[in-house]
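S.K.: 3D, please:
(one chain, ligands or ions: 2)
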Amino acid sequence: MKEYAPAQLRNVGLFSHGGAGKTTLSEALLFRSGAISRMGSVDDGNTTTDFDPEELKRQMSVSLAVAPLEWQGHKINLIDSPGYADFYGEVTEAARVVDGALILVDGVAGPQVGTDAVWKRAAHLPRLLIINKLDRENADYRTVLDALRERYGKGVVPLSFPIGNADSLTGVVDLLENKAHIPGSQGAQPVPGAEQGTVDQLREILVESACELDDDLINKYLEGEEITIEELAGAIRVGVREKKLFPVLAAAGGRSIGLDPILNAIAQLLPSPIDVDAKLANGSLLHANEKLAALVFKTVSDANIGRLSYVRVYSGTLSADSHVWSVQKSKDERVGQVFHIRGKNQEPTQRLVTGDIGVIPKLAESVTGNTLSTREGSIELAGIDYPAAAYFASVHPKSRNDVDKLSSAMTRLLEEDPSLQMHRETSTNEVILSGLGDSHLEVATQRLERKFGVHVTLDVPKVAYRETITAKAAAEGRHVRQSGGHGQYGVVNLEVEPTPRGEGFVFVDKVVGGVVLEKGVRETLEQGVIAGFPVVDVRCALVFGKYHPVDSSEAAFKTAGSVGFKQAFLQASPVLLEPVMRVEVTVPSEFAGDIMGDLNTRRAHIHGMAPDGPNTAIEASVPQSEMLRYATDLRSMTQGRGTYTMQLSHYDPVPAQLQQKIVDEHKKEHDAEH
Ligand SMILES: Nc1nc2c(ncn2[C@@H]2O[C@H](COP(=O)(O)OP(=O)(O)OP(=O)(O)O)[C@@H](O)[C@H]2O)c(=O)[nH]1
Ligand SMILES: [Mg+2]
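M.R.: Residues are numbered from 1 along each chain as shown. Ligands and ions are numbered 1, 2, ... in the order given. Reported below is the predicted structural model:
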């Protein structure tokens with residue numbers, strides 16, 4: 001592909017609720033523009049932008065994919081993204097680096113929960129809406145258009161509409177140029193007479209909304225003067241770029257209908273990279289100039305080949321065989337080869353100009369979110385804000401060999417997908433993998449297996465309880481052994497009291513020589529007192545210590561400290577604390593009642609409930625132990641139409657009636673293990 005000037009580039013993300021037809025439309029657009037010579041399909045598993053084995057298996061996009069095409073002197077970098085909420089990490093990356101969005105809406109279902117989610121995610125971008133799959137039975141352009149205007153405001157205006165419907169769909173009418181596009185016919189056609197009524201109606205919405213944004217045009221319009229196509233296009237372009245107009249296009253990607261008006265709109269209405277300033281880490285904006293600033297927005301790891309880094313250049317030029325500065329890592333980074341990429345196919349290039357997207361193999365230092373710049377006066381671009389983890393599972397390697405390889409393989413995997421996290425929960429001695437949903441974690445384990453040969457199973461994690469006290473108490477700890485030879489002597493007096501939540505452990509030494517004793521107490525903290533969970537939020541004071549000139553030793557004092565602490569703890573009304581999650585559930589409003597009822601059975605504390613278009617958002621605090629399988633439960637309660645986010649909020653005491661049960665269970669497990 002030849003090199004295009006930055007002004008001719010368009011970086012466009014395709015976003016939607018799952019399955020609205022992004023991958024199929026990408027394929028159709030690539031084929032229409034001549035970028036590919038054969039049109040693949042999702043059902044046959046041979047599209048350009050779905051190529052991961054995990055995608056082919058599920059017949060849905062799991063990762064973003066870049067697919068450049070050429071159209072009317074422009075190079076359009078399409079980024080196809082997943083629609084399924086579990087893979088929003090990739091949506092976030094795509095939305096971060098494009099300059100405009102195509103938001104697809106199913107022509108039968110209309111806007112859905114996932115449409116709202118991507119509409120919000122793309123709020124910083126100029127957006128075109130596409131009512132897609134209009135060849136489906138019961139598809140209804142006008143109903144969906146009205147629903148979109150209702151939902152996203154009057155800036156949503158028709159730009160093309162379908163000729164015919166469902167089986168009888170033959171093409172679309174472009175309202176801007178006032179021409180019909182019918183696949184199979186040469187170029188744009190005059191609008192069929194039967195469509196003139198619809199043209200008049202819809203064009204009025206478009207023209208009026210566009211002219212309203214321009215004082216000169218609105219006067220002309222009100223005085224009944226003819227608005228030229230150029231004037232109208234100019235006004236729409238400004239409206240789109242200022243995020244005041246959101247033109248709606250009609251399509252059936254699977255039938256290659258409506259493609260030309262979409263490509264025209266991308267080229268003519270969406271901004272080029274130099275029309276938009278880059279966001280910097282410090283919050284300010286940067287206008288593209290000579291100085292290099294490129295963002296690594298995705299990393300693919302491979303056990304054999306190493307890293308493949310996707311980069312978007314915001315300023316300057318990124319050249320093959322060069323040295324750049326990895327800003328966050330403060331390291332020199334050698335760039336060897338540079339490629340353009342279409343799906344999985346790479347094509348070597350000498351350089352990526354401002355605004356362009358490509359990949360670099362084998363970067364040694366930089367990971368996703370890092371900026372490549374120059375060492376002198378380096379520029380740091382804003383990073384990527386991933387959604388918080390909402391789903392947790394414990395990871396169990398299948399064999400000894402898998403245990404050994406897990407940690408290094410996992411490091412690579414997390415680098416590839418920053419919306420995944422892993423940590424060891426010391427209190428339960430489990431390795432916890434967290435992500436956005438069960439499919440997300442399932443894909444992660446499949447990748448571990450495929451790429452790194454590590455086999456693991458996932459399970460419901462144990463809840464990481466904590467222990468604390470609710471009252472003040474004092475106790476004496478004695479460790480005295482003086483039967484023959486060198487004895488052991490340690491006697492201490494301790495006081496314990498609760499601290500505010502989150503303070504951890506405070507040790508106060510009111511006599512000298514408490515250092516050793518503190519060690520003994522701290523070891524006890526980790527092991528727990530009532531059920532083996534770590535102790536938190538306790539202040540412990542050493543008030544008195546007895547010393548024996550011969551028999552006192554460090555070990556004796558340590559033991560005495562531990563004994564004294566346990567005794568005091570048990571007398572101070574100990575309780576278990578459980579992690580409580582802050583949860584936000586969004587469901588179509590007809591499900592809101594059921595979801596509230598269900599949350600109440602999960603000991604939820606509901607903070608609020610707010611309508612959000614046809615959806616309802618419910619905010620609540622819910623103990624983690626009640627949310628371990630919520631992703632699956634919510635899906636079955638809402639037929640897959642509900643979404644939720646969840647993060648750790650705080651720790652609360654476990655209700656008394658549950659505490660004994662948890663203590664008993666934990667003891668049983670502990671005994672079984674030893
Ligand atoms: N009738 C009809 N079906 C379509 C059309 N476009 C796509 N499909 C079908 O809809 C299903 C989903 O299409 P995809 O292209 O994978 O949709 P997507 O938005 O990429 O899906 P995700 O990546 O999972 O979000 C597939 O079975 C397609 O064959 C269309 O224009 N008309
Ligand atoms: Mg897809």
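S.K.: Now do stretch 599-610: everything it contacts.
M.R.: 583, 585, 592, 596, 616-623, 626-627, 655 (C-beta atoms under 8 Å, 6 or more residues apart in numbering). Placement of C-beta: from N, CA and C, glycine included.
S.K.: actually stretch 456-465, not the one I typed
M.R.: For stretch 456-465, the surrounding residues in contact (C-beta under 8 Å, 6+ apart) are 392-398, 402, 406, 425, 427-428, 430, 432-433, 441-442, 445, 448-449, 531, 533, 576-579, 624-625, 628-629, 654, 662, 666.
S.K.: Any quick PyMOL command for the buried ones out of the residues you listed?
M.R.: Here is the PyMOL command that selects the buried residues among the contacts of stretch 456-465 (16 or more other C-beta atoms under 10 Å):
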select buried, resi 392+393+394+395+397+402+406+425+427+428+430+432+433+441+442+445+448+531+533+576+577+578+579+624+625+628+654+662+666
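S.K.: where's the residue in the chain positioned nearest to ligand 1 relative to Gly107, distance?
M.R.: Nearest residue of the chain to ligand 1: Gly83, at 2.5 Å (C-beta to the nearest ligand atom). Distance, Gly83 to Gly107, by C-beta to C-beta, to the nearest Å: 15 Å.
S.K.: what do you get for Arg602?
M.R.: Distance from Arg602 to Gly107, by C-beta to C-beta: 37 Å.
S.K.: So those two - more neighbours on which side?
M.R.: Gly107 (28 against 15; other C-beta atoms under 10 Å).
S.K.: dump the residue contacts of the closest residue to that one other than its chain neighbours.
M.R.: Here the nearest residue to Gly107 in space, its sequence neighbours aside, is Ala139; by C-beta to C-beta, 6 or more residues apart in numbering that works out to 3.6 Å. By C-beta under 8 Å, 6+ apart, Ala139 lies in contact with 107-108, 133, 165-166, 169.
S.K.: If we use 10 Å, what do you get?
M.R.: Contacts for Ala139 (C-beta atoms under 10 Å, 6 or more residues apart in numbering) come out as 106-110, 131-133, 162, 165-166, 169, 250, 252.
S.K.: could you dump the residues you listed to TSV with distance to ligand 1, secondary structure and pLDDT?
M.R.: What follows is these, written out as TSV (distance: C-beta to the nearest ligand atom, whole Å; DSSP: H, G, I helix; E, B strand; the rest coil; pLDDT from 0 to 100):
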residue	distance to ligand 1	secondary structure	pLDDT
Asp106	9	strand	97
Gly107	8	coil	97
Val108	9	coil	96
Ala109	12	coil	93
Gly110	15	strand	95
Ile131	11	strand	98
Asn132	6	strand	98
Lys133	4	coil	98
Pro162	11	strand	98
Asn165	12	coil	91
Ala166	9	helix	93
Leu169	9	coil	97
Ala250	11	strand	98
Ala252	4	strand	98
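S.K.: What is the nearest of the residues you listed to Ala65?
M.R.: Using C-beta to C-beta, Asn132 comes nearest to Ala65 of those, at 18.2 Å.
S.K.: need the contact list for the closest one.
M.R.: Taking C-beta under 10 Å, 6+ apart as the test, what Asn132 contacts is 16, 20-22, 24-25, 102, 104-108, 139, 144, 249-254, 257-258, 262.
S.K.: One more: Phe569?
M.R.: With C-beta under 10 Å, 6+ apart, Phe569 has these contacts: 467-469, 473, 475, 494, 496, 521, 524-525, 528-530, 535, 538, 540.
S.K.: In strands, which of these fall?
M.R.: 467-469, 473, 475, 494, 496, 538, 540 (DSSP state E).
S.K.: check contacts around Leu308.
M.R.: Leu308 neighbours (C-beta under 10 Å, 6+ apart): 298-302, 339, 341, 344, 346, 359-363, 416.
S.K.: Around ligand 1, which positions in the chain sit nearby?
M.R.: 16, 18-24, 41-43, 60-61, 82-84, 132-133, 135-136, 252-255 (C-beta under 6 Å from any ligand atom).
S.K.: Try it again at 5 Å.
M.R.: Near ligand 1, the residues belonging to the chain are 18-24, 42, 60-61, 82-83, 133, 135-136, 252-254 when assessed by C-beta under 5 Å from any ligand atom.
S.K.: so of those residues, which ones are in helices?
M.R.: 22-24 (DSSP state H).
S.K.: Please convert those to a markdown table, extending it with pLDDT, neighbour count and distance to Ser378.
M.R.: Putting these into a markdown table (pLDDT from 0 to 100; neighbours: other C-beta atoms under 10 Å; distance: C-beta to C-beta, whole Å) gives the following:
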| residue | pLDDT | neighbour count | distance to Ser378 |
| --- | --- | --- | --- |
| Lys22 | 98 | 30 | 36 |
| Thr23 | 98 | 28 | 37 |
| Thr24 | 98 | 27 | 42 |
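S.K.: What sits closest to the residue in the stretch 251-400 of the chain positioned nearest to ligand 2 if chain neighbours are left out?
M.R.: Ligand 2 sits closest to Gly253 of the stretch 251-400 of the chain, with a gap of 10.7 Å, by C-beta to the ion. Once flanking residues are discounted, Gly253 sits nearest to Leu25: 3.3 Å by C-beta to C-beta, 6+ apart.
S.K.: Give the burial count for the one you found, as a bare number.
M.R.: Leu25 has 28 nearby residues by other C-beta under 10 Å.
S.K.: And the helices in the stretch 501-650 of the chain, which stretches?
M.R.: Taking DSSP state H, counting those that start in this stretch, the helices of the stretch 501-650 of the chain run over residues 515-527, 554-571, 592-601, 630-638.
S.K.: Tell me which of those lies nearest to ligand 2.
M.R.: If we rank the helices of the stretch 501-650 of the chain by C-beta to the ion, the stretch that ends up nearest is helix 630-638, at 19.2 Å.
S.K.: What residues sit buried inside that closest one?
M.R.: If you call a residue buried by 16+ other C-beta under 10 Å, then helix 630-638 has these buried ones: 630-631, 634-635, 637-638.
S.K.: Check stretch 38-47 too.
M.R.: Of the residues in stretch 38-47, 39-40, 42, 47 count as buried by neighbour count, 16+ other C-beta under 10 Å.
S.K.: Same question for stretch 521-537.
M.R.: In stretch 521-537, counting by 16+ other C-beta under 10 Å, buried: 521-522, 524-525, 528-537.
S.K.: Only C-alpha atoms, please: export the helix or strand hosting Ala95 in CSV.
M.R.: Counting by DSSP states H and E, the element that carries Ala95 is helix 88-97. C-alpha atoms of helix 88-97 as CSV (Å, rounded to 0.1, in the frame of the first residue of the first chain):
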residue,chain,number,x,y,z
TYR,A,88,-14.2,-4.6,26.7
GLY,A,89,-10.5,-4.4,27.4
GLU,A,90,-10.0,-4.5,23.6
VAL,A,91,-12.9,-2.1,23.0
THR,A,92,-11.1,0.3,25.4
GLU,A,93,-7.9,0.0,23.4
ALA,A,94,-9.6,0.5,20.1
ALA,A,95,-11.5,3.5,21.3
ARG,A,96,-8.4,5.0,22.7
VAL,A,97,-6.5,5.2,19.4
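S.K.: Mind giving me the packing neighbours of that helix?
M.R.: For helix 88-97, the elements it packs on are strand 9-16, strand 65-71, strand 74-80, helix 113-121, strand 293-302, strand 306-315, judged by 3 or more C-beta pairs under 10 Å, 6 or more residues apart in numbering; DSSP states H and E.
S.K.: Out of those, which is closest to Pro273?
M.R.: Minimum separation from Pro273 across the helices and strands packed on helix 88-97 (C-beta to C-beta) falls at strand 9-16, 5.4 Å.
S.K.: partners of the closest one, with directions?
M.R.: strand 74-80 (parallel), strand 100-106 (parallel) (DSSP bridges).
S.K.: Local confidence estimate at the closest residue to Gly45 other than its chain neighbours?
M.R.: Spatial nearest neighbour of Gly45, excluding adjacent residues (C-beta to C-beta, 6+ apart): Leu56 at 4.3 Å. Leu56 carries a pLDDT value of 94.
S.K.: so Leu56 is in which element?
M.R.: Here Leu56 is assigned to helix 53-58, by DSSP H and E.
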